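>>> Could you work out the structure for the sequence below:
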Amino acid sequence: MTSEEVAAFLAAERVLTVATLGRDGWPHLMPLWYVVRAGECWAWTYAKSQKVRNLERDPRCTLQVEAGDRYDQLRGVMIKAECELIRDPAAVAALGLEVYERYGGPLSDEARAAALRQAPKRIAMRFVARETATWDHGKL
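Next up is the predicted model:
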């Protein structure tokens, strides 16, 4: 995929799978909702989650966003990244509001309040890409 196609693909898809390395060396895969900021994937998660523990030990991770139901439709993006964990409450809350809006539409007062209630328990994750691979079987 071209860089423009990657940007459009990431903007259109809904689930990013992040692979971190567990303490035992085994990959730990988890799906996340995400937003794209200036070409970078960002997500938030509970600060006490296993993926955060793994990233605290080793910030390297692999991200994958994929789509397609048949072989000739398969396409996706894999990103080798380093994850920056951001704990600043205002930054976490701002990201949470972005995530809520992306997945739920314009924010109601209730949705805004829910995101802000969750923010103190969460952290923001900025995925800094180091290498990217893409595929689009529709081009085969």
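>>> residues touching residue 130, list them.
By CB atoms under 8 Å, 6 or more residues apart in numbering, the contact set of residue 130 is 80, 81, 82. Where C-beta positions appear, they are placed from N, C-alpha and C, glycine not excepted.
>>> hmm, who's touching the helix or strand that contains the last one?
Secondary structure here is read from DSSP states H and E; on that basis residue 82 sits in strand 75-86. Applying CB under 8 Å, 6+ apart, the external contacts of strand 75-86 come out as 1, 6, 9-10, 18, 20, 41, 52, 55-56, 59-68, 92, 95, 123-138.
>>> what's the answer for stretch 117-129, then?
Taking CB under 8 Å, 6+ apart as the rule, stretch 117-129 contacts 18, 32, 40-48, 52, 55, 61, 63, 79-89, 91-93, 95-96.
>>> ok, and for that stretch, which residues are buried?
By neighbour count on 16 or more other CB atoms under 10 Å, the buried set for stretch 117-129 is 118, 119, 122, 123, 124, 125, 126, 127.
>>> Check stretch 5-23 too.
Those would be 6, 9, 10, 16, 18, 19, 20, 21, for stretch 5-23 by 16+ other CB under 10 Å.
>>> got a list of contacts for the host helix or strand of residue 90?
Using DSSP H and E, residue 90 falls within helix 89-104. Among residues not part of helix 89-104, those counted as contacts by CB under 8 Å, 6+ apart are 14, 33-35, 37, 42-44, 86, 107, 111-112, 114-116, 118-120, 122-124.
>>> May I have the helix or strand following that helix as PDB, with CA atoms only?
Next along the chain after helix 89-104, taking DSSP H and E as the criterion, comes helix 109-118. This file holds the C-alpha atoms of helix 109-118, laid out as PDB (Å, rounded to 0.1, in the frame of the first residue of the first chain):
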ATOM      1  CA  ASP A 109     -22.600  14.900  28.300                       C
ATOM      2  CA  GLU A 110     -23.000  11.400  29.600                       C
ATOM      3  CA  ALA A 111     -20.300  10.000  27.300                       C
ATOM      4  CA  ARG A 112     -17.900  12.900  28.100                       C
ATOM      5  CA  ALA A 113     -18.500  12.300  31.800                       C
ATOM      6  CA  ALA A 114     -17.900   8.500  31.400                       C
ATOM      7  CA  ALA A 115     -14.600   9.100  29.600                       C
ATOM      8  CA  LEU A 116     -13.400  11.600  32.200                       C
ATOM      9  CA  ARG A 117     -14.300   9.200  35.000                       C
ATOM     10  CA  GLN A 118     -12.200   6.400  33.400                       C
END
